[in-house]
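In: predicted model follows, preceded by the sequence.
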Amino acid sequence: MKSLRSARLLLTPATGLLLLCGCLQAQDDITAKPPDTPPVLAIGSGAPDFNLPGVDGKNHSLSEYSSAKLLAIVFTCNHCPVAQMYEKRLKQLTSEYRDKGVAVVAINPNAPNAVHLSEMGYTDLGDTLAEMKIRAKYRHLNYPYLSDGDNQKVALKYGPVATPHVFLFDKDRKLRYEGRVDSNQREELATKHEARDAIDALLAGKPVAVEHTPAVGCSTKWAYKEAGTKAELAKEAAEPVSVELASAEQLKTIRKNADTGKLLLVNFWATWCGPCVGEFPELQKMVRQFRARQINIVTLSVNAPDEKDMVLSFLQKEHAFNRNLLFNSNDAAEAAPAFNAGWSGAVPYTVLIGMNGELLYHSQGAMDPIEVKRAILKYLPDDKYKGQNAYWNSSF
């Protein structure tokens with residue numbers, strides 16, 4: 001990590017301000033290498049060695065692929081929506097060229113703690129190895145998926161600019177192509193397929209026509225960006241926290257979710273409910289994760305109204321700056337028919353309401369955070385990334 005420490009010293013105050021501002025953006029798509037990252041491996045260079053843990057529980061090294069005619073190393077990740085939309089194509093590339101002697105290896109270069117929650121509004125998972133294993137199983141990935149996030153030693157040698165970023169090596173393990181997979185993250189719009197063209201050329205014993213293209217996607221999350229993550233969390237921790245009393249009639253209005261233009265996620269809970277308290281931090285991660293998207297997340301406590309101070313104290317401890325309600329009745333059971341969303345009255349209960357008031361998802365008992373996030377992503381409309389809704393409603 002010495003080179004990254006040196007890079008920090010070269011940052012100007014203006015650059016530092018830009019980096020801090022960048023932490024507030026949903027995603028930082030780029031088409032060129034910013035000045036604070038290691039250089040991209042040059043065409044003609046030998047393949048740097050690696051020994052990295054994979055989602056299969058084994059370590060994988062460069063020598064493992066020595067028998068392959070060609071080796072495509074693709075730096076990609078979990079959280080980036082652009083990378084997600086290339087998962088299917090990487091699977092296709094792997095299956096179509098495997099019998100031709102081409103090995104495809106994916107490496108996640110990101111330092112997990114450098115991924116801001118505000119950058120995770122399009123994902124169910126972060127970039128830890130444990131989460132990579134979940135994604136690999138969910139999407140049935142057919143290629144090795146390795147993690148370099150602990151120290152980024154491999155990424156520092158290759159210099160991936162964004163995810164995904166392809167490095168294609170010939171039989172002598174000399175770099176012959178680096179850059180994007182193809183010309184558009186939406187497969188139906190891709191008219192140039194430079195990675196495939198390079199593979200086909202090398203297999204045919206021909207020179208690669210296009211050796212370099214810009215890698216377009218989410219910037220590599222180098223370890224120094226963790227400072228921005230902490231700054232973002234500190235800023236959110238300073239936001240005001242409140243709780244308001246809500247009547248049965250108000251619950252009926254909230255349940256309709258009319259004219260909001262947003263999904264509505266409601267979590268019913270109480271301070272005396274162990275599972276409620278246990279899952280609350282995950283709920284708050286979702287608040288921060290999806291706050292820039294078309295969803296309102298509301299908590300509804302079924303504590304007694306005279307326990308408002310107790311409820312507020314808990315919410316402040318959790319930095320719950322979202323909308324928080326306390327049912328204004330000593331008979332908590334009255335909240336169930338008022339909200340009318342399949343809720344029996346037991347807590348915790350989590351429900352997702354559509355933009356027209358339709359019941360989209362509900363979970364009785366302790367929620368599965370990944371399941372809830374996938375439900376949210378399935379129904380959120382496309383905004384910055386056309387094709388994301390289709391991604392979360394697809395299986396491959």
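Out: Good, I have the coordinates. Numbers count the residues shown, from 1 in each chain.
In: just the element for the residue sitting nearest the centre point of the chain, please.
Out: In the chain, the residue lying closest to the centroid (Cα atoms, centre = their mean) is H79, at 2.2 Å. Under DSSP states H and E, no helix or strand contains H79.
In: would you agree A201 is in contact with A195?
Out: No - counting by Cβ atoms under 8 Å, A201 does not reach A195; the two are 10.9 Å apart. Backbone N, C-alpha and C define where each C-beta goes, glycine included.
In: between these two, which one's more packed in?
Out: A195 (25 against 17; other Cβ atoms under 10 Å).
In: that one should be in a strand, yeah?
Out: No - counting by DSSP: H, G, I helix; E, B strand; the rest coil, A195 is not found in a strand; it is helix.
In: mind checking how far it is from E178?
Out: 9 Å (Cβ to Cβ, to the nearest Å).
In: shared neighbours of the two, anything?
Out: The contact sets of A195 and E178 overlap at 166, 168 (Cβ atoms under 8 Å, 6 or more residues apart in numbering).
In: and S63, what does it touch?
Out: D49.
In: S95 should be in a helix, yeah?
Out: Yes - assessed with three-state DSSP, S95 lies in a helix.
In: and it, what is it in contact with?
Out: Contacts of S95 were listed using Cβ under 8 Å, 6+ apart, and they are N142.
In: sorry, back to before: what residues does the closest residue to the residue nearest to the centre of the chain other than its chain neighbours make contact with?
Out: Closest residue to H79 apart from its sequence neighbours, by Cβ to Cβ, 6 or more residues apart in numbering: T123 at 4.3 Å. Shown in contact with T123 (Cβ under 8 Å, 6+ apart): 78-81, 84, 373, 377.
In: which pair of those residues spans the longest distance?
Out: C80 and K373 (15.4 Å; Cβ to Cβ).
In: among the two, which residue is more densely surrounded?
Out: Ranked by neighbour count (other Cβ under 10 Å), C80 and K373 place C80 first, with 30 against 21.
In: and the strands in the stretch 101-250 of the chain?
Out: 102-108, 145-147, 162-163, 165-169, 175-179, 217-219, 244-246 (DSSP state E, counting those that start in this stretch).
In: which one of these is the most hemmed in?
Out: Stretch with highest mean neighbour count among the strands of the stretch 101-250 of the chain: strand 162-163 (a mean of 28; mean count of other Cβ atoms under 10 Å).
In: what about that one, average pLDDT?
Out: Mean per-residue pLDDT for strand 162-163: 98.
In: cool, stretch 283-302 as well?
Out: For stretch 283-302, mean pLDDT rounds to 98.
In: in that stretch, which residues are buried?
Out: The neighbour-count check on stretch 283-302 (16 or more other Cβ atoms under 10 Å) flags 283-284, 286-291, 293, 295-302 as buried.
In: these two touch, right, Y177 and L168?
Out: Yes - counting by Cβ under 8 Å, L168 is a contact partner of Y177 at 4.1 Å.
In: common neighbours of the two, please.
Out: Counting by Cβ under 8 Å, 6+ apart, the residues touching both Y177 and L168 are 195, 198, 208.
In: as a markdown table, those with pLDDT and distance to G101 would be great.
Out: Below are these laid out as a markdown table (pLDDT from 0 to 100; distance: Cβ to Cβ, whole Å):
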| residue | pLDDT | distance to G101 |
| --- | --- | --- |
| A195 | 98 | 16 |
| A198 | 98 | 15 |
| V208 | 98 | 17 |
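In: so which of the residues you listed is the closest to Y391?
Out: Nearest to Y391 out of the shared contacts of Y177 and L168 is A195 (Cβ to Cβ; 20.0 Å).
In: what's the spacing between the lengthiest helix in the chain and its chain's center?
Out: Taking DSSP state H as the criterion, the chain has its longest helix at helix 274-290. Distance, stretch centre to chain centre, for helix 274-290: 17 Å (Cα atoms, centre = their mean, to the nearest Å).
In: against which helices or strands is it packed?
Out: When contacts are defined as 3 or more Cβ pairs under 8 Å, 6 or more residues apart in numbering; DSSP states H and E, helix 274-290 packs onto strand 263-269, strand 295-301, helix 369-379.
In: dump the longest one to PDB, keeping only the CA atoms.
Out: Output of helix 369-379 as PDB, limited to C-alpha atoms (Å, rounded to 0.1, in the frame of the first residue of the first chain):
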ATOM      1  CA  PRO A 369     -31.800  -7.900   4.900                       C
ATOM      2  CA  ILE A 370     -30.600  -9.200   1.500                       C
ATOM      3  CA  GLU A 371     -34.100 -10.500   0.700                       C
ATOM      4  CA  VAL A 372     -35.600  -7.100   1.600                       C
ATOM      5  CA  LYS A 373     -33.000  -5.200  -0.500                       C
ATOM      6  CA  ARG A 374     -33.700  -7.400  -3.500                       C
ATOM      7  CA  ALA A 375     -37.400  -6.800  -3.200                       C
ATOM      8  CA  ILE A 376     -36.700  -3.000  -3.200                       C
ATOM      9  CA  LEU A 377     -34.400  -3.300  -6.200                       C
ATOM     10  CA  LYS A 378     -36.900  -5.400  -8.100                       C
ATOM     11  CA  TYR A 379     -39.500  -2.700  -7.900                       C
END
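In: who are the packing partners of it?
Out: Identification of packing neighbours for helix 369-379 by 3+ Cβ pairs under 8 Å, 6+ apart yields strand 263-269, helix 274-290, strand 349-353, strand 359-364, helix 388-392.
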